[in-house]
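1. Here you go, sequence then predicted model.
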Amino acid sequence: MTKRYRNAIVGAAITIFLVAGIGYSIGPAALHHYQADLIYYSGRHLSLVGWSMSLALVCGLAAGIVLSRQALAAHAEKWMQLFNIGNTIPSMAVLALALALFGIGDLPAIVALWLASLLPIVRNTYEGLKQVPAAMKEAAKGIGMTPQQLLFRVELPNALPVIVGGVRTALAINVGTAPLAILIGGESLGGLIFPGIYLNNQDQLLLGATATAVLALMLDAMVALGGNVYLNKRGLLR
């Protein structure tokens, strides 16, 4: 068993232990009482994360690839600041701006989460492509590969470990920020967290916070596992 998988198993065991401890402290009665709300808000939370992360992946990967091309590489850092908007401005301010532009509901929440998730994906895509050895690219050109073939068969597969790291970072930011969507009319696990704060209901607050953490860990594990399986098949697992 490799060190990577041992660490994954230990991390999963610790997570299960902590979740079980929190669940025990909340108690079965509270879990049963909020069961319907937990299922509903978890589904809405995943919907926000799914839409915003899909947009962030499409835009972030494309932007990272474009910035890594020779014509723009010299000015890439300047352009990178454009994608830093969602991280430089506080999350509440981004949500407020999205609310002003798009009104109340899920749409402004998706836009705000999309902006918050962009930078790690763009940055890691750019850095991953930059780190592909020049000798490897020259060899691919030498056997007659077109620029498109070079990108999809050589550069992106070799940059994938770095890109996956960016996706995991963006996903953690996205899932952790999504509860704030409740403040602008978007439905998420914030529907449990914020009423728990306002009403000083510790069970409701802990349930929403724990569910958010579990979703973040589960989605991160799925991305990491999928990336490892793909890289292992291609002999690129580091």
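-> Everything's here; your move. Numbers count the residues shown, from 1 in each chain.

2. Low-confidence regions, the protein specifically.
-> For the chain, applying pLDDT under 70 flags the ranges 1-12, 14-15, 18-20, 22-25, 86, 234-238.

3. same for the helix ranked longest in the chain, what does it pack against?
-> Secondary structure of the chain per DSSP state H: the longest helix is helix 35-68. Applying 3 or more CB pairs under 8 Å, 6 or more residues apart in numbering; DSSP states H and E, one finds that helix 35-68 contacts helix 76-80, helix 106-130, helix 156-177, helix 190-198, helix 202-233. Placement of C-beta: from N, CA and C, glycine included.

4. Would you mark the buried spots in it?
-> Using 16 or more other CB atoms under 10 Å as the test for burial, helix 35-68 gives 37-38, 41-42, 44-49, 51-53, 55-57, 59-61, 63-65, 67-68.

5. Without its sequence neighbours, what residue ends up closest to the residue nearest the centre of the chain?
-> Residue closest to the average C-alpha location in the chain (CA atoms, centre = their mean): L171, at 1.2 Å. Distances taken as CB to CB, 6 or more residues apart in numbering place L219 nearest to L171, at 5.5 Å, with adjacent residues excluded.

6. you'd agree that neighbour is up against V49?
-> Yes: at 7.3 Å, L219 counts as touching V49 under the criterion of CB atoms under 8 Å.

7. Could you report the neighbour count for the residue nearest to L206 when sequence neighbours are not counted?
-> Using CB to CB, 6+ apart and skipping residues adjacent in sequence, the residue nearest L206 is I26, 5.6 Å away. By other CB atoms under 10 Å, 19 other residues sit near I26.

8. Same check on I16?
-> Neighbourhood size, I16 [other CB under 10 Å]: 12.

9. Quickly note the distance from it to L217.
-> Using CB to CB, to the nearest Å, I16 is found at 10 Å from L217.

10. Kindly report the same for D106.
-> 24 Å.

11. still on that earlier bit, was I right to think the residue nearest to L206 contacts D203?
-> Yes: contact criterion CB under 8 Å: I26 and D203 qualify, at 5.2 Å.

12. Now do the buried residues in stretch 178-189.
-> Using 16+ other CB under 10 Å as the test for burial, stretch 178-189 gives A178, P179, L180, A181, I182, I184, G186, E187, S188, L189.

13. Out of the residues you listed, list just those in helices.
-> Among the buried residues of stretch 178-189, no member falls in helices (DSSP H).

14. Farthest pair within these?
-> I184 and L189 (14.9 Å; CB to CB).

15. Give me the angle between the longest helix of the chain and helix 106-130.
-> Per axes from the mean of the first three to the mean of the last three CA atoms, to 10 degrees, the angle that helix 35-68 makes with helix 106-130 is 40 degrees.

16. neighbouring contacts of the next helix or strand along the chain from helix 35-68?
-> Downstream of helix 35-68, the first helix or strand assigned by DSSP states H and E is helix 70-73. For helix 70-73, the surrounding residues in contact (CB atoms under 8 Å, 6 or more residues apart in numbering) are V66, L67, W79, K130.
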